[in-house]
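> following is a predicted model, sequence given first.
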Amino acid sequence: MKIYLAKIFSEAASKLNLPADAPVFFDKPKSEQHGDLATNLPLMLTKILKKNPMEIGAQIVESLVYDASVIEKVELVRPGFINIFFNPVYLTQIIKEILEQKENFGKSDKYAGKTANVEFVSANPTGPLTVGHGRNAVCGDTIAHMLEWVGYDVTREYYFNNAGRQMRVLGDSVRLRYLELCGQQNEFPEDYYQGEYIREIAERVKAKHGDSLLNEPAEGIFKDAAESEIFELIKQSLERLGIKHKLFYNENTLYTDGRIEGLLAKFREMGISYEKDGATWLKLSEMGNDQDKVIVKNTGEPTYRLPDIAYHITKYERGYDLIVDLFGSDHNATYPDVLAALKVLGYDTDKVKVLIHQFVTIMQGSEIIKMSTRKANYITLDELIDEAGSDVVRFFFNMLNLGTHMNFDLELAKKHSDENPVFYLQYAHARICSIIRTAAETGLKGNVQNIHLLTEPDEQRLIKMLHRFAEDSLTAAEMLEPGRIATYLKELAATFHRFYVSIRIIGSEQKLAEARLAMAEAVKTTLANGLGILGVSAPERM
RNA sequence: GCCCCCGUAGCUCAGUGGAUUAGAGCAUUGGCCUCCGAAGCCAUGUGCGCAGGUUCGAGUCCUGCCGGGGGCACCA
């Protein structure tokens, strides 16, 4: 649609000898009276041509050559907008397209042949996933879906670290609980993992090994048991939300395959690292960042920055066209270091999109719940799924833009009533399914032969919504914003519900009824496709 | 002290520099089912944190301030 407009406008522009690079930009006007699409081109050209915008507009409109079966009317209004009205009959053709393309309707092949890597969740296996991780998990998966929707071949990846201090403490936490179970009282440090799941792991270790591990160090059996059990829990939680990573990348492999050493050598060779106080520093201040940072501690252990850089290099080497990292806002200070280093090393950092989602504030009633894995003060993602269900959880996280500081209302999420926004969409889908069932009983079936009859305002509004799907889902993918899909679907559902109450399908004149039913099926398909991107089910009945 | 994010209706949030009139949902109040599913529809509102600036035009861009969240470790 916009492509066609761009074409006829550029033809007009060349006739008028207007600058070819003029910013032709079409926009959906807020008011229906202003047409279906509008451009402010005359206003934009005022500056360049130093002429009255209305004069420029008049010339453009005069030179426009368009097909009357596509565009019904073009009008110029003050102070310098050109409004375009589409031909209603032409618009109805979309219904035919949708019913032919079915689950593929709205997809784009714009990025076909490209590959993308989406790294998300990436929580270390120190405890069950919390509601806070839920946002990252759901949005990451939806972003991956969106990229697939527009043609990318996507690798969903989970990066984790099973070495380091956190994991030692975890192993030792299990060890101490085990000793307790064996009758050896001990002081359980406050900064150890307090969660009940630690005891459960210790119980299973004891069931398997009895008292034989009294002198076993934390690092071995205890840590390994904790890691594998917790990782299983995490994978199960994710699976309940329909999330499956293709690759779990262990930070440790970066050490065993020599990448860390190699990278350090490279930094030395390039003269961008130096030794001070027994530690190795990276000259980030020379790369435009605030200050130099330590990459190897005086204990000889690297800080997270070094493996992070090495890890991203592996992503480049694996040849992705797009690299997406989704982090919580607690990481917002770390990624600039990594990007700066990559840039100095000669990598194209434009390929990397670092997305930061803001934290989730959990509200239970009016009470704010502060969460901490260490203190075992949290609501797990599993508990939330138990109570609210996967669809609600996915929709809640998907319906907000990443930058929004989210207030997650547990009470609302648990309510299976009209207060819960996800049901609004699912209901529209189920309602259409019901209509189709009822119609079938009387032998009525959708038919695209007569869709040109759909010219009522409520029908046209709905048809125009259908036109927006492909474009809106492409924009959502390019902007990496799941919330846009949800916003679109809410509008589509609302438009359908309004149509439903004002216009009858079954019971109207046969040809009209068939056309309307075909349109309803198109809406159903579009809703299902959109919900599919979000990972939310489209039920036939509720 | 510095950096990132946010501030839109009572509440949760949309809003890609444009048009007399800034939108949804929930909550409130009042209507709508002998008729395709009322988990729906219609009606109901003194709202863009404050102050400047850029622009023909600012919720949207810039600066400052106020308020909230997250960071600024030889923790990840």
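Arrived safely, thanks for sending.
> tell me how many other residues crowd A:R165.
A:R165 has 8 neighbours, counted by other C-beta atoms under 10 Å. Placement of C-beta: from N, CA and C, glycine included.
> would you mind measuring from it to RNA strand B?
As judged by C-beta to the nearest atom of the strand, to the nearest Å, A:R165 and RNA strand B stand 5 Å apart.
> looking at the stretch 151-300 of chain A, what residue ends up closest to RNA strand B?
Using C-beta to the nearest atom of the strand, the single residue of the stretch 151-300 of chain A nearest to RNA strand B is A:D277, 2.9 Å away.
> quick check: that residue vs A:V74, distance?
71 Å (C-beta to C-beta, to the nearest Å).
> and the pLDDT at the residue nearest the centre of chain A?
For chain A, the residue nearest the mean C-alpha position is A:I143 (3.1 Å; C-alpha atoms, centre = their mean). What the model reports for A:I143 is a pLDDT of 96.
> now swap in A:K370 and tell me
Reported pLDDT for A:K370: 66.
> now do the one 10 residues further on
Among the per-residue scores, A:T380 shows a pLDDT of 86.
> what separation is there between it and A:V448?
On the measure of C-beta to C-beta, A:T380 and A:V448 end up 49 Å apart.
> tell me the contacts of the nearest residue to A:L512 once chain neighbours are set aside?
Closest residue to A:L512 apart from its sequence neighbours, by C-beta to C-beta, 6 or more residues apart in numbering: A:L453 at 5.5 Å. Listed by C-beta atoms under 8 Å, 6 or more residues apart in numbering, the contact partners of A:L453 are A:511-512, A:515.
> for A:L453, phi and psi?
phi -80, psi -10 (degrees, to the nearest 10).
> same deal with A:E190?
Dihedral angles (degrees, to the nearest 10) for A:E190: phi -60, psi -30.
> and what of A:V360?
Torsion angles, degrees, to the nearest 10, at A:V360: phi -100, psi 120.
> likewise for A:E157?
Per degrees, to the nearest 10, the backbone of A:E157 is at phi -130, psi 150.
> ok, it to A:E481 distance?
In terms of C-beta to C-beta, A:E157 sits 20 Å off from A:E481.
> show me which of those two is the more surrounded one.
Taking neighbours as other C-beta under 10 Å, A:E157 and A:E481 compare with A:E157 leading, 25 against 22.
> my guess is that one meets A:K244, correct?
No. Contact criterion C-beta atoms under 8 Å: A:E157 and A:K244 do not qualify, at 11.5 Å.
> low-confidence stretches in the stretch 1-150 of chain A?
Applying pLDDT under 70 to the stretch 1-150 of chain A flags the ranges A:1-3, A:16-25, A:30, A:46-51, A:78.
> tabulate the contacts of A:L453 (CSV), appending neighbour count.
Output for these, formatted as CSV (neighbours: other C-beta atoms under 10 Å):
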residue, neighbour count
A:K511, 13
A:L512, 17
A:A515, 25
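> pretty sure A:D36 contacts A:F26?
No. Using C-beta under 8 Å, A:D36 is not in contact with A:F26, being 9.4 Å away.
> grab the nearest non-local neighbour of the residue in the stretch 401-542 of chain A positioned nearest to RNA strand B.
Distances between the stretch 401-542 of chain A and RNA strand B by C-beta to the nearest atom of the strand are smallest at A:S434, namely 2.6 Å. Closest residue to A:S434 apart from its sequence neighbours, by C-beta to C-beta, 6+ apart: A:R541 at 7.3 Å.
> per-residue confidence for A:Y274?
92.
> pretty sure it sits in a strand.
Yes. Assessed with DSSP: H, G, I helix; E, B strand; the rest coil, A:Y274 lies in a strand.
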